[in-house]
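Asker: structure for this input, please:
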Amino acid sequence: MESPSIESNTLLALSNNLADAVERAGRAVVAVNARHRIPSTGVHWRNGIIVTAEHTVRRDEEIAVRLPDERTVAATLIGRDSSTDLAVLRIPDVQLPTAEIGDSGTLQVGNLVLAVARPGESGLSASWGVVSAKGIGVTQRDWCGKQTEGLLKLDLSLYPGFSGSPLVDAKGSVVGINTVGPRNMVLAIPVATVNRVIDTLLEKGKIARGYLGLGMQPVLLPDNLKNALNLSSNGGVIVVNIESDGPADRAGVFIGDVLISLDGRAIADTGDVQAMLGSESVGKTLNAQVIRGGALLTVPIAIGER
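Answerer: Numbers count the residues shown, from 1 in each chain. Have a look, this model is predicted:
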């Protein structure tokens, strides 16, 4: 009888290690019933605190969480943050293990990772793949716009019910929360962002986001205009919509204005604008430099709260 090859032993060890990682992480993985049909997945992040994907929480009340031992408990919505796609729930003390939180900063492109979910009645499900990119910024261009930075891009499948599941490394540690981005891109929200959102929602119940009340599109400036105004960049965003009585409207911004800097920072696209509208910007007045009628103007805008 031939002895197993080194390659076979290596594959078997890898297979067993991944299965152990799923089992280890799965102790803190729950199903969240906050929408019709298929539940989403959540993670028992801290004692009594469940984290899941915000877009799967379709109601604020009558939320149920199914535990690994098949018990179902009522959950209370502490708060939600659509910009990071995170929702935080509270459950009663049920002696459920909390997740073993790892460091997403140690992940490298190409590292093996797992999505561990509890989407239905059959227990745990898993999907595996690799980290395909780090530090991804995603801008969703809607009326107000929103942006999330520092995401992990994943090459793995998120099946129905997997949104809100933990991203798990090969050791079984939770290193993020999985979600689906624009164009069905599979993304993970890193641990540092999850902890920041939890802390803020526990303290304040909401996360303030600044907004201008503008609809904007990127635009390239012609060279003759750039040279005439002595600009260092040929990019900006043109105002295509203005919310009535919004911050920009009250400041006197017009449709057709081209925003080229905000608070002294160059603006090349809508993501640059959204990056400056964090919670710390609410209530502050930022100087917007705009091109109007071929001339440069400075328009002070008091940032509102979305």
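
Asker: in the chain, where's the longest helix?
Answerer: Secondary structure of the chain per DSSP state H: the longest helix is helix 6-26.

Asker: mind giving me the packing neighbours of it?
Answerer: strand 112-120, strand 123-140, strand 166-168 (3 or more CB pairs under 8 Å, 6 or more residues apart in numbering; DSSP states H and E). Every C-beta, even on glycine, is put in place using the N, C-alpha and C of the backbone.

Asker: looking at the ones you listed, which is nearest to I267?
Answerer: Closest to I267 of these is strand 123-140 (CB to CB; 12.9 Å).

Asker: relative to strand 112-120, how tilted is that closest one?
Answerer: If you take axes from the mean of the first three to the mean of the last three CA atoms, to 10 degrees, strand 123-140 sits at 110 degrees to strand 112-120.

Asker: which strands and helices sit next to strand 123-140?
Answerer: Against strand 123-140 (3+ CB pairs under 8 Å, 6+ apart) you get helix 6-26, strand 112-120, strand 146-155, helix 270-274.

Asker: of the ones you listed, which shows the lowest average pLDDT?
Answerer: Mean pLDDT across those is lowest at strand 146-155; the value there is a mean of 76.

Asker: follow-up on the earlier one: tell me the most buried of the helices and strands packed on strand 123-140?
Answerer: With neighbours taken as mean count of other CB atoms under 10 Å, the helices and strands packed on strand 123-140 reach their highest mean count in strand 112-120, at a mean of 23.

Asker: the helices in this structure, which residues?
Answerer: Applying DSSP H to the chain gives helices spanning 6-26, 191-204, 223-228, 247-251, 270-274.

Asker: let me know the distance separating the residue positioned nearest the centre of the chain from E61.
Answerer: By CA atoms, centre = their mean, the chain has its centre lying nearest to T84, at 3.2 Å. Relative to E61, T84 is positioned 22 Å away (CB to CB, to the nearest Å).

Asker: go through stretch 89-105 and flag the buried ones.
Answerer: Within stretch 89-105, the residues scored as buried using 16 or more other CB atoms under 10 Å are 89-91, 96, 99, 101-102, 104.

Asker: measure stretch 289-298 end to end?
Answerer: 5 Å (CA to CA, to the nearest Å).

Asker: who's in contact with L86?
Answerer: 51-54, 80, 177, 189, 193-194, 197 (CB atoms under 8 Å, 6 or more residues apart in numbering).

Asker: can I get those residues in a markdown table including neighbour count, pLDDT and distance to G264?
Answerer: A markdown table is the format used below for the contacts of L86 (neighbours: other CB atoms under 10 Å; pLDDT from 0 to 100; distance: CB to CB, whole Å):
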| residue | neighbour count | pLDDT | distance to G264 |
| --- | --- | --- | --- |
| V51 | 26 | 98 | 36 |
| T52 | 31 | 98 | 39 |
| A53 | 25 | 97 | 36 |
| E54 | 21 | 96 | 33 |
| R80 | 23 | 94 | 33 |
| I177 | 30 | 98 | 34 |
| I189 | 24 | 95 | 30 |
| T193 | 20 | 92 | 26 |
| V194 | 24 | 96 | 32 |
| V197 | 24 | 94 | 28 |
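
Asker: hang on, the earlier thing: narrow the buried residues of stretch 89-105 to those in strands?
Answerer: Judged by DSSP state E, strands contain the following of the buried residues of stretch 89-105: 89-90.

Asker: care to break the chain down by domain?
Answerer: 1-206, 210-305 (automatic domain parsing).

Asker: just give me the neighbour total for V237.
Answerer: Using other CB atoms under 10 Å, V237 has 24 other residues around it.

Asker: go on, P166?
Answerer: P166, neighbours per other CB under 10 Å, totals 32.

Asker: please name the nearest non-neighbouring residue to it.
Answerer: Ranked by CB to CB, 6 or more residues apart in numbering and with sequence neighbours excluded, the top spatial neighbour of P166 is V174, at 4.2 Å.

Asker: then L158?
Answerer: Nearest non-adjacent residue to L158, counting by CB to CB, 6+ apart: V186, 5.4 Å away.

Asker: and for V239?
Answerer: D257 (4.7 Å).
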